[in-house]
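# Next input, structure requested:
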Amino acid sequence: MAAASVSCKILPMRLAGAFAPLTTPFAPDGSVALNRLRENIARYNTTRLSGYTINGSTSESVLLTWDEVYQVWEAAREAAAPYKTLIAGAGAEATMETITHTNRAAELGYDVALIRTPSFYKPAISDTMLLEHYLRVADASRIPVMIYSVPVFTHVTVKAPLVARIAEHENIVGMKDSSGDVEEIGNISAATPDDFQLLCGSAATLYESLKRGAVGAIVAAACAFPELFADICELTAAGQDERARAQQQKLIAPAKLLVQCGIAGLKYALDQLGYYGGAPRLPLLPPNEETRRSIDEMVAGVLSKSAA
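Next up is the predicted model:
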């Protein structure tokens, strides 16, 4: 078993609030449109988002080459305001490769590395394997590390007892839990140290997750409605539960629709909201006409309620 070799705890980093897992814009020829990414980030810089996750699931990370990921990381670092926390999605199947990507993110000035679970060799995946993986990455990483549990894509769930063991490492500062299981959010919060920062990855359960110990969120719908998600986080932290619940109610149906429509639907919504969404990368396909109409109605409804 890898031993925790970090001799002193890295200075605590505050990860509270709403983070947007930014989409990756593509040009008509399918190449990464870095200028469009910079334009989107310039607009996000004016919002109350706490920061951005670059190369997460919403970024179409599995459809990018690592050379493209490095270019996107660099462009985002250049465009992001200095007061925005940058989280790099650096997970790979191999532990050694994950370490390589994590330290590349460190070289580029990223604050935290978000490490998804390995998932391909499903029969071999166990708590022992995952513990070894995360401890070795944390030992070698030059920036703080977060666990990323996203069972909808990986079919691997990191449960509270394992999180508690991983969280003992000085360089593991938090977790993004995208299971949507509010009860498990509470279990993880209860099992981990007070300075372990738990971020919710499910927009529809954000308020409930915050009440059970999460300190913030990384949710795809925050790309479309950054101020509303910042409201939920800030109001809940301030004890204004009634107002926080009201904001959450506005977003439950829109968030569920965006999940159903996937990245292509989110990108279409961004186009309607003045950001650059553009087309997804093949084999993902743009939304059909019926889906576009549903998203148009949803966006209009959210904007109308926000104005009211």
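
# just for the chain, where's the confidence low?
Within the chain, the stretches with pLDDT under 70 are 1-13.

# Strands of that one, start to end?
17-21, 51-54, 85-89, 112-116, 145-149, 172-177, 197-200, 216-218 (DSSP state E).

# Dump the ones you listed to JSON lines, plus mean neighbour count and distance to residue 287.
For glycine as for every other residue, the C-beta is placed from the backbone atoms N, C-alpha and C. Output for the strands of the chain, formatted as JSON lines (neighbours: other CB atoms under 10 Å; distance: least, CB to CB, whole Å):
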{"stretch": "strand 17-21", "mean neighbour count": "27", "distance to residue 287": "19"}
{"stretch": "strand 51-54", "mean neighbour count": "27", "distance to residue 287": "23"}
{"stretch": "strand 85-89", "mean neighbour count": "25", "distance to residue 287": "24"}
{"stretch": "strand 112-116", "mean neighbour count": "27", "distance to residue 287": "26"}
{"stretch": "strand 145-149", "mean neighbour count": "26", "distance to residue 287": "26"}
{"stretch": "strand 172-177", "mean neighbour count": "28", "distance to residue 287": "26"}
{"stretch": "strand 197-200", "mean neighbour count": "26", "distance to residue 287": "26"}
{"stretch": "strand 216-218", "mean neighbour count": "29", "distance to residue 287": "23"}
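
# quick one: contacts for the closest residue to residue 213 other than its chain neighbours?
Nearest residue to residue 213, sequence neighbours excluded (CB to CB, 6 or more residues apart in numbering): residue 189, at 2.6 Å. With contact taken as CB atoms under 8 Å, 6 or more residues apart in numbering, residue 189 is in contact with 198, 212-214.

# State the pair within these that is farthest apart.
Put simply, by CB to CB the two of the contacts of residue 189 set farthest apart are 198 and 212, 9.0 Å from each other.

# who touches both of those two?
In contact with both residue 198 and residue 212: 185, 189, using CB under 8 Å, 6+ apart.

# so who does the residue nearest to residue 75 when sequence neighbours are not counted touch?
In space, residue 75 comes closest to residue 34 once its chain neighbours are excluded; the distance is 4.3 Å by CB to CB, 6+ apart. Counting by CB under 8 Å, 6+ apart, residue 34 touches 71-72, 75.

# And residue 237, by the same measure?
16, 210.

# Setting aside sequence neighbours, what's the nearest residue to residue 156?
Closest to residue 156 by CB to CB, 6+ apart is residue 117, at 4.3 Å.

# Next, work out how far apart that neighbour and residue 297 are.
36 Å (CB to CB, to the nearest Å).

# who has more neighbours, these two?
residue 117 (22 against 11; other CB atoms under 10 Å).

# What does the more buried one show for phi and psi?
phi -70, psi 140 (degrees, to the nearest 10).

# Now do it against residue 160, distance only.
From residue 117 to residue 160 the distance is 15 Å (CB to CB).

# Next: residue 166.
From residue 166 to residue 160 the distance is 11 Å (CB to CB).

# same deal with residue 99?
26 Å.

# repeat for residue 225
Distance from residue 225 to residue 160, by CB to CB: 30 Å.

# Neighbour count for these two, which is higher?
residue 225 (27 against 19).

# Now do the contacts for the residue nearest to the more buried one when sequence neighbours are not counted.
Nearest residue to residue 225, sequence neighbours excluded (CB to CB, 6+ apart): residue 302, at 6.2 Å. With contact taken as CB under 8 Å, 6+ apart, residue 302 is in contact with 225, 228, 250-251, 254.

# contacting residues for the closest residue to residue 209 other than its chain neighbours?
Nearest residue to residue 209, sequence neighbours excluded (CB to CB, 6+ apart): residue 200, at 3.8 Å. If a contact means CB under 8 Å, 6+ apart, then residue 200 has 176-177, 185, 206, 209-210, 214, 216-219 as its contacts.
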